[in-house]
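Trainee: missing the sequence, but the structure's below:
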């Protein structure tokens, strides 16, 4: 099984900037424009739940800033796509952004470091974009001075020796004896030119171990308050607040701590679920089961990460094969058979993806209310009415054809649930045409349940 997921690769980031499938370019433009107005030391939080697309957003911002660098690493074709995107439609914004340099720091990937400060410095001095404009002699001189003060050997420009700093017990003495703020300022000034500003994107801090997360915040506060540096934290504020509480104790207010730390707090604009689903899936969205998949996404209010898993899981199901059964001969019964499976299966896949306990309640026969609500939110009833199949449905459920459809939706739903999950018809029990119908659906559904138990991923 191959995961279908919009990962923040260069290819995906470029494609979404150029095509703007999620209508986020206006948000990116607004954010980048704001960066050009900042003066003095500044710290920003971009808040969003896990799976809301925070990393993707700041990676898009990073790519736009990098492509404006005269020595950027993107080829001319890629640069052309970004230059012709809606983000850079204003020439005056292009010129302003050329003074904005940036570095991306994945805090979670670095939280095994003993000292966050050194991990961050390592990232800065190894940034290829910054090294292209850096005053290398000035940088070498500063790094040598740091090495001479702490290490017996000269570190030169071999920045990997910073790892030795991390492992040394004397790191506390090192920090106490040196004016680290001054050295860090020299490092920053050697990496960017006069008049330029460095934007440091800190990602995944809320996933780090509490000690690393808090130490990174404290060290930034003590040593990185520089007039030409902006810190942008992409994080889940609620989770980060809990992380701070774990470090200082439950009596400590993580919210107040973070409010004092950030100069500006923003919320990530949510990506429209419809646009995201259509971007991920390669199938024709006019198919009934695709419409039901989208309806389930909306009903369960899935995060982007949950949508990724949901789409991946549905790709395993052969919906075309699922809907074909030679034992059911009339056109009306074939259509109802198809609509039942193409409605019920996406519902089951959806619950298994986002709430496995509710999924198990449904398939164990104790989740009728949950199932009924879900079935009302997909296209099942609309399709039956559109194709004038409600009398046939009543007949298959053992009800009178003269019943009012609207008033008996609940009864029909209860019967469907009973036949699928409480008292399914076996092949030996099938005596009537209706029995054969429900037996065939049960057999197919059992195959789907087996597939779900063996192959599916869920959040």
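Mentor: Nice, I can see it. This is a predicted model, so every value here is computed, not measured. Numbering: from 1, shown residues only.
Trainee: Is residue 348 in contact with residue 452, as I believe?
Mentor: Yes: contact criterion Cβ atoms under 8 Å: residue 348 and residue 452 qualify, at 6.7 Å. C-beta here means a position set from N, CA and C on the backbone, and glycine is covered the same way.
Trainee: Hmm, residue 214 and residue 248 touching each other?
Mentor: Yes: the pair residue 248 / residue 214 is scored as a contact, 7.4 Å apart, by Cβ under 8 Å.
Trainee: More neighbours: which of residue 348 and residue 452?
Mentor: Comparing residue 348 with residue 452 by other Cβ atoms under 10 Å, the one with more neighbours is residue 348, at 24 against 20.
Trainee: can you give me how far the helix or strand hosting that one is from the chain middle?
Mentor: Per DSSP states H and E: residue 348 is located in helix 331-354. Relative to its chain's centre, helix 331-354 lies at 27 Å (Cα atoms, centre = their mean, to the nearest Å).
Trainee: pLDDT (mean, whole number) over it?
Mentor: Helix 331-354 shows an average pLDDT of 94 in the prediction.
Trainee: which other helices and strands contact the helix or strand just after it?
Mentor: Sequence-wise, the next helix or strand downstream of helix 331-354 (DSSP H and E) is helix 356-363. If contacts are counted by 3 or more Cβ pairs under 8 Å, 6 or more residues apart in numbering; DSSP states H and E, helix 356-363 sits against helix 331-354, helix 368-376.
Trainee: Now render those helices as CSV, adding distance to residue 51.
Mentor: As requested, the helices and strands packed on helix 356-363 are exported to CSV (distance: least, Cβ to Cβ, whole Å):
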stretch, distance to residue 51
helix 331-354, 11
helix 368-376, 21
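Trainee: Out of the ones you listed, which one sits most buried?
Mentor: Comparing the helices and strands packed on helix 356-363 by mean neighbour count (mean count of other Cβ atoms under 10 Å), helix 331-354 ranks first with a mean of 23.
Trainee: by contact count, what packs against it?
Mentor: Packed next to helix 331-354, using 3+ Cβ pairs under 8 Å, 6+ apart, are helix 288-299, helix 304-316, helix 319-322, helix 356-363, helix 368-376, helix 380-386, helix 390-396, helix 433-455.
Trainee: quick one, the last one and helix 356-363 angle?
Mentor: Read that as helix 433-455. 160 degrees (axes from the mean of the first three to the mean of the last three Cα atoms, to 10 degrees).
Trainee: Between residue 248 and residue 214, which is the more surrounded one?
Mentor: With other Cβ under 10 Å as the criterion, residue 248 and residue 214 differ in neighbour count, and residue 214 comes out ahead with 21 against 13.
Trainee: I believe the more buried one is in a helix; please confirm or correct that.
Mentor: Yes: judged by DSSP: H, G, I helix; E, B strand; the rest coil, residue 214 forms part of a helix.
Trainee: coming back round to it: closest to residue 279 out of the helices and strands packed on helix 356-363?
Mentor: helix 331-354 (18.1 Å; Cβ to Cβ).
Trainee: Can you pull the phi and psi angles for the most centrally placed residue in the chain?
Mentor: Residue closest to the mean C-alpha point of the chain, counted by Cα atoms, centre = their mean, is residue 51 at 3.0 Å. Backbone torsions of residue 51, given as degrees, to the nearest 10, read phi 90, psi 10.
Trainee: do residue 95 as well
Mentor: Torsion angles, degrees, to the nearest 10, at residue 95: phi -60, psi -40.
Trainee: What is the burial count for it?
Mentor: 11.
Trainee: returning to that earlier point: show me the one of the helices and strands packed on helix 356-363 that comes nearest residue 295.
Mentor: The nearest among the helices and strands packed on helix 356-363, by Cβ to Cβ, is helix 331-354 at 7.7 Å.
Trainee: Nearest to residue 274 among the helices and strands packed on helix 356-363 would be which one?
Mentor: The nearest among these, by Cβ to Cβ, is helix 331-354 at 15.1 Å.
Trainee: Report the inter-axis angle for that closest one versus helix 304-316.
Mentor: Using the same axes, to 10 degrees: helix 331-354 against helix 304-316 is 140 degrees.
Trainee: how far off helix 368-376 does helix 331-354 point, in degrees?
Mentor: Orientation note: helix 331-354 sits at an angle of 120 degrees relative to helix 368-376 (the same axes, to 10 degrees).
Trainee: now what about stretch 225-232, what contacts it?
Mentor: With contacts defined as Cβ atoms under 8 Å, 6 or more residues apart in numbering, stretch 225-232 is touched by 35, 38-44, 46, 58, 181, 184-185, 188-189, 192, 196-202, 220, 224.
Trainee: so of those residues, which ones are in helices?
Mentor: 35, 58, 181, 184-185, 188-189, 220 (DSSP state H).
Trainee: Hmm, which of the residues you listed is lowest in pLDDT?
Mentor: Across the ones in helices among the contacts of stretch 225-232, the smallest pLDDT goes to residue 181, namely 75.
Trainee: which one is it nearest to, not counting chain neighbours?
Mentor: Distance criterion Cβ to Cβ, 6 or more residues apart in numbering; nearest residue to residue 181, sequence neighbours excluded, is residue 223 at 5.0 Å.
Trainee: show me what contacts the nearest residue to residue 86 once chain neighbours are set aside?
Mentor: Ranked by Cβ to Cβ, 6+ apart and with sequence neighbours excluded, the top spatial neighbour of residue 86 is residue 25, at 4.7 Å. By Cβ under 8 Å, 6+ apart, the contact list for residue 25 reads 17, 85-87.
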